[in-house]
Structures are given as C-alpha cells and as structure tokens.
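Asker: The following block contains a protein sequence and its predicted model.
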Amino acid sequence: MITAEKNLKSTLKEYFGFSEFKDNQEKIIQSVLAGKDTFVIMPTGGGKSLCYQLPALMSEGTALVVSPLIALMKNQVDLVRGYSQNESVAHFLNSSLTRAQSTKVKQDVVSGVTKLLYVAPETLNKPDNRRFFEKINLSFVAVDEAHCISEWGHDFRPEYRKIKQTIKSLGENVPIIALTATATPKVREDIKKNLDLNNPNIFLSSFNRPNLYYEVRPKGKKGNAERQIIQFLKQKEGKSGIIYVLTRRDTHEVAKLLNVNGIKAAPYNAGLESQVRADTQDAFLKEDIDVIVATIAFGMGIDKPDVRFVIHYSIPKSIENYYQETGRAGRDGLEGHCIAFYSYKDVQKLEKLMKDKPVAEREMNAQLLQEMIAYAETAICRRKFLLHYFGEDFDEENGPGAKLDDNSRYPKKEQESKEDLLKILKVVEESKEAHILKNIVRIVMGRKNQDIEDYQLNELKSFGSGAEQSETYWNSVIRQGILAGYITKSIQNFGVLKLTDAGRSFLKKPVSFKLVINHNFIQEEADQEKAFMESSKSGVLDQDLLKLLKDLRKKEAKKRELPPYVIFQDPSLEEMASQYPISSDEFANITGVSKGKAIKYGKKFSELIKEYVEENDIDRPQDFVMKSVVNKSGIKVFIIQNIDKKIPLEDIASEKGMKLEELLKEIETIVMSGTKLNIQYDIDQYLDEYQQEDIYDYFSESETGSLDEAYLEFEDEGITMNELQMMKIKFLSEVAN
C-alpha cells in the first residue's frame, strides 16, 4: 500500500518547499508511511496538516481525510493545490457540490490522480459513498479534529461516532491517523477507544504557545467592554484579529460598532448565507478587513498566521473552546494577545442555554463551564492553569512564556495557608472522596443544602471548620491544591474530588502551602464602577469654566426670552467643563447636544471654551470617545412613529414593557436631542385647558425646569409627576427646537 520510504527532507522540500520538519512531524510521517495507526495531539499552528498531507502525496492510492467543516475542507484543498501543478491532486466531496462536480471528483479518484480526498463524516457514512470507497485504493484514513468524537471535547459531532464502523467496512487493515489540537486526557481516551486504534504510535506535543499573552478583564456595565475593545483596536491599527461573541445578533451589533469607530470589521455566523461567509473569510485572509466578529462557527482550520489578537467578548463555554480559539493568534510565532471579558451575567446566559439539554449532558457541560470560570477567576499563572488542564506541567518561573499573562505580570501577594489546605484535605477524606468541589466548599463553610442533608455531611467533624473564610477563598485553596498535586478531580465521575498520594502525605505531615486568592470579579466590577463614579465627580470638572458657561447660558436665555435649561441642561455644561470641546465635531459628542442644538446655540459656547483653553494653557483630555451606533430600527423610531399615529402613551409603554415614567424620560431625551414631538392628544386626556396653561407658564418662567420643584408647586391641585413631565415635554418641543 505504501511506497518505499524516500528521503523525507528532500521530499518535504520537493512538495512543500520547506527544508526542516517542526517538532514531531518527521516521526509522525514515518509512522503513517509504515502503515501504523497513529495518534497526534498537536496545538493549533503546530503543523498537523502536513503530518497526513506529505505521506498521502508519497503513497499509492488516495488518503481519505475526515473533516468537520466545508470551509475547512476548501481551505485545505486550496493549500495543497497551491503546492502542486496538478489541480486534481486534492478534492473535497460534500453537500456543496453539484452532481456533475461530484462525478468529476470520483472520476479523478478512480483514475489515481487524486491523492487527498476530504469528506465530512456525514458524507463518509452515506451508503452510496461507502460502496464507492470500497472500490478504490485507500492509502490510509486521516480523522482531523478528532476531539469531535468525544462528548467531553468541544464541537462534539455524533456522526464522528460512526467513523470507525465505516472504516472497518473499507478493509480490516486500513491505517488510521487521528489528529487534534486540543484534548484532555479524558478526551484522548475517548478518541482511542471510539476509533479502536490498534496499538497506536502516540505523539503528544506541548500545548504551550509561549508567544501568546493571556488576560482576563471584568466586563463591567454595558458599554465598558466595547470601549476597552475599541481602545485596544486603535492601538493595533492595521493588524488582524478575531472577536468571539456568544450570539449571532452580537456579531452584527459589535461589527457595526467597530465600523462606526473607524475599524474595518465584518460579522461571521452560521446564519449567514454560505457565499457571504466565504466572501468574509476571503476578505479577512486578503486583509480587506481587519477584524472578524464571530460566533464559534468561524476559525476552525483557518490558515492565517498573522492574527495578532483574539478577544472573547463573552466567556467561552469550555477551556477546550477557549484554547482552540486563542490558538488562532500568533501562529507565526510572533505577537498574539488574548483578552477574555468575564461577567457573571454571561455565565448565567450559558447556564440558561443548557437547561433544556438531557440531564447527563447538562451536568457535563456545567462541569466544563465551571473549569472555564475557574480559569477566569484564578490569580496564578494562567499558562500553568491551562497546561495543567491538558495534563502538562509548567514551570511558571522559567518556562517559555512564563510571564506572559496578567496574573504573572501583576502578581497578587502570596499568603501561608498550610492550615487551610489541611482543613480541605480532611473534608475530602471525611466525605469519603465522593463529592464535587461545590459541596466540599459548602461543608468547610458549614452551609446546608439538599445534598449536604441527604448525605448527612453536616454531621462530619469538619463541617463548618472554615466558616470564617469566603467562598472565593476556599475555591482558591481547592484549585491551587489541585495544581499543587494534593487533590485530583475525577472527570469520569463529574468532578468528584479525591486525594492523591501527596495529599495523604500532607495529612500526616503538613508542609508550607503558599496561596494566592482568586479574583472576585463581582467585587472588582463594583470597585471599578465606584472608582469611575468618584473620578467623574471630582478632579475632572473645571469649576471656573463651568461658572463662565452658566453665565453665558443665562445671558443667551435672557436674550432669547427662554429659561436657561432650554438652551443646555446642567449635565451638558458639566461635560463641556471637563472635555473642553472646541470643534463642531467635539461639541456634537457632548451628551444632550444634537446637531440642531449645536447649530442653534453652540457657536458662542465653543468660542468661549476655545478662548478659555488658550488663555489658561489647558491640556485638554485626549481620552477616547466611543461613537455609538444609532439604531434606527430601535426604540427611538418606534416611539416617534407611534406618537405620530397618536397611540396613547400608556399603550406605547406597555408594548415595550416600560413604565409610563420611563417612556416619558425617553421622550424628553428625544425632544432634547432636537426632534419635535406633539403629545397634545395624550395631554388632553389628563389635563384641562386651564391646567395646561398654568403649567406651561410655570416652565416658561422656571430657571431649572426641575420636576421636583414643579410637583411642590402644583401638589395641592392633585397634578401628578407624569402629567408635569408631559407638559415639560410639550414646552421643550415647542421652544427648545
């Protein structure tokens, strides 16, 4: 079946133009050429494809390559054809081909000119195709992305489970090479067992990508992550990157936001037409766009070596997904920055998506998600955590890339926690090594729930032995106890914690145990928000300029016979006194200043600010200002259209799930932005002509337009806050615009 072995390096040079093999490539190829079953675990960008492409080109017959995605097959076929003068050297056979195209592919295979035939598992398992494959001369079968076989790996594909049955029908001695970039020890066992690999040669490369920088940031309130992403991308201008999001809708919204802010981006998700996806992928490869905003549908097998950053806008559902996706950065060995934004709300969304799954699948996915949460919250070297997950040790002081993560670069203080590790080990021992991490934490903290009471764990001596410490603290002890080798987690038993030999020795003779407490992202987000609020209240506001702006507002209001707040409200003046806008574009970025207001009132204010800046030699803040996407199909247009139709305001609010006071605030914002709205039809339902006249006159004479002050004025007449708000909107619509 296999031709006599040639000099591999000269053949490598002949077919692919390379002079040297990488890592284990040469040994892997020798194994395949020798007809041995071969199992390759090699990280993304390590050169897995070459491990089956070169032996296929050197062997008699055709190699079948099982691949999960049409885009991946096309990409690989194009690459192989690019190295050869023979266009038929590689083909794919899948549902995207017409009948005529499929016939041509099969003719080329039968004639012997095709050395590599890529098929999806669904295509491989079709009876008609099976009969065809039985007739051809197969050199071997390559199962790419083999982790799809295991339910414990990401991207599980049930059709992968049937591959071995089909291969056996093609002949008893057809060699198999299985390849994957990401596989935990559990997933590796699943792959070997399911493919029934016959005493395979196993080649396990390091999972370490030493050029990648790993970072996790708290997502914070809405808009915070977007602002940070745009600031980051402005620093990486002209460089290629991928942003992974959770939903198809997010791909469009985030891409639109990036484009508005001058970044060439495009969405990519499984809901787009195949041609649109192909065009987007090509544009990314050709550098016509810099950023792809994608769901997990994008990236598998994409051969772009100079992706400089991978950003996770939402936390991934497993470490396997995270590792695979971050592995698309820096494949050329140069810079690769990986940022993940963490939010408990995103975790809740992922948990919600699991609730309709079968119980076993739900528990398994929950465990994978918990591992991802643990990675996000850990305060130790992230590279050490990742590599441990894949069964690999790492020296966080001197290993390749040891200091390339946020925790290593900005380390938290260590503390001695020998006694607390001892408490945890005692809990694990006393509870018969039969419980998951969450229950171990509950036992040590003395917290009851149904599981604790059902198993009578509240009767253990160690129950409540660590009640004085927080949940974050005990999670830190357990996670770092696992990394230190004192505890192990049984994947097969859904995460049950067990003692190792080292853990049993520690119980008899404790030694020093240094602990770094995990990140508490909920608290960090709150602290971040508090700091933001405090900084916005103090220091940045120029009180001298604010006084000048208020004087000018009063002067302009008097000249136009208007209340001052109609010109600009206080928040707008305060923002002017901190941002110092002097150009029309900068002025239009101030909250509450529409283009109409800028034209109508803005000139004298911007002239005053410009003069003040020059006289006082002010260094204006150059802080990034993120442009927002105007959602023309959103609530603003909905409100305007419904008011034009004279729909009662209560009904408009109800349609959008809002309270009336919330709707009225939204309407006031629209009016203050320069749009006239006539809500007279609704006001007439609540107030008579004389009441309307009195309230209108009040707002005409009010200095501030305060609703609270207006309510005190009209309280005795039984007029509500909502009715006053309606009249203020009427007044502003007629006078301010």
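Answerer: Yep, it's here.
Asker: what about the closest residue to Tyr342 other than its chain neighbours, distance to Cys338?
Answerer: Spatial nearest neighbour of Tyr342, chain neighbours left out: Ala376 (4.4 Å); criterion: CB to CB, 6 or more residues apart in numbering. Every residue, glycine included, has its C-beta placed from N, CA and C. Separation of Ala376 from Cys338 (CB to CB, to the nearest Å) stands at 12 Å.
Asker: Same question for Glu655.
Answerer: For Glu655 relative to Cys338 (CB to CB), the value is 43 Å.
Asker: ok, these two, which is more surrounded?
Answerer: Set side by side, Glu655 and Cys338 show more neighbours around Cys338, with 25 against 13, by other CB atoms under 10 Å.
Asker: wait, what's in contact with the residue nearest to that one when sequence neighbours are not counted?
Answerer: Leaving aside its chain neighbours, Cys338 sits nearest to Thr326 (4.2 Å; criterion: CB to CB, 6+ apart). With contact taken as CB atoms under 8 Å, 6 or more residues apart in numbering, Thr326 is in contact with Arg209, Leu212, Tyr214, Val310, Gly336, Cys338.
Asker: Just name the closest of these to Gly399, please.
Answerer: Gly399 lies nearest to Arg209 out of those, by CB to CB, at 12.0 Å.
Asker: Help me confirm that that closest one comes into contact with Gly401.
Answerer: Yes - between Arg209 and Gly401 a contact is recorded at 7.2 Å, counting by CB atoms under 8 Å.
Asker: Looking at the two, which is more packed in?
Answerer: Between Arg209 and Gly401, counted using other CB under 10 Å, Arg209 has the larger neighbour count: 27 against 18.
Asker: Show me the shaky parts of the stretch 601-737 of the chain.
Answerer: Residue ranges of the stretch 601-737 of the chain with pLDDT under 70: 619, 621-634, 737.
Asker: Break down it into its strands, ranges please.
Answerer: Using DSSP state E, counting those that start in this stretch, no strands are found in the stretch 601-737 of the chain.
Asker: which of the contacts of Thr326 lies closest to Leu677?
Answerer: Out of the contacts of Thr326, the member with the shortest distance to Leu677 (by CB to CB) is Val310, at 45.0 Å.
Asker: Tell me which helix or strand comes right after whichever strand or helix holds Leu548.
Answerer: In this assignment (DSSP states H and E), Leu548 forms part of helix 543-560. Sequence order places helix 564-567 as the next helix or strand after helix 543-560, per DSSP H and E.
Asker: counting contacts, what elements does that following helix pack onto?
Answerer: Counting contacts by 3 or more CB pairs under 8 Å, 6 or more residues apart in numbering; DSSP states H and E, helix 564-567 is packed against helix 543-560.
Asker: what's the helix it packs on packed up against?
Answerer: Counting contacts by 3+ CB pairs under 8 Å, 6+ apart, helix 543-560 is packed against helix 564-567, helix 570-579, helix 595-615.
Asker: Swap in 6 Å and give it another go.
Answerer: When contacts are defined as 3 or more CB pairs under 6 Å, 6 or more residues apart in numbering; DSSP states H and E, helix 543-560 sits against helix 564-567, helix 570-579.
Asker: out of the ones you listed, which comes closest to Asp393?
Answerer: helix 570-579 (51.5 Å).
Asker: what comes into contact with that closest one?
Answerer: Val540, Leu541, Asp542, Leu545, Leu546, Leu549, Ile590, Thr591, Gly592, Val593 (CB atoms under 6 Å, 6 or more residues apart in numbering).
Asker: Count the neighbours of the closest residue to Gly503 other than its chain neighbours for me.
Answerer: Distance criterion CB to CB, 6+ apart; nearest residue to Gly503, sequence neighbours excluded, is Tyr486 at 3.9 Å. Residues lying near Tyr486 (other CB under 10 Å) number 24.
Asker: give the contact list for Asn642.
Answerer: Neighbouring residues of Asn642 by CB under 6 Å, 6+ apart: Ile652.
Asker: What's the separation between it and Asn722?
Answerer: For Asn642, the distance to Asn722 - CB to CB - is 17 Å.
Asker: which residues does Asn24 contact?
Answerer: By CB under 6 Å, 6+ apart, the contact list for Asn24 reads Phe203, Ser205.
Asker: tell me the mean pLDDT for stretch 384-395?
Answerer: In this model, stretch 384-395 has a mean pLDDT of 92.
Asker: Give me the distance between the two termini of that stretch.
Answerer: End-to-end distance for stretch 384-395, by CA to CA, to the nearest Å: 7 Å.
Asker: And that stretch, what's buried?
Answerer: For stretch 384-395, the buried set under the neighbour-count rule, 16 or more other CB atoms under 10 Å, comprises Lys384, Phe385, Leu386, Leu387, His388, Tyr389, Phe390, Phe394.
Asker: cool, and stretch 695-710?
Answerer: Neighbour-count burial for stretch 695-710 flags Ile695, Tyr698, Phe699, Ser702, Gly705, Leu707, Ala710 (criterion: 16+ other CB under 10 Å).
Asker: Repeat that for stretch 372-386.
Answerer: Using 16+ other CB under 10 Å as the test for burial, stretch 372-386 gives 372-386.
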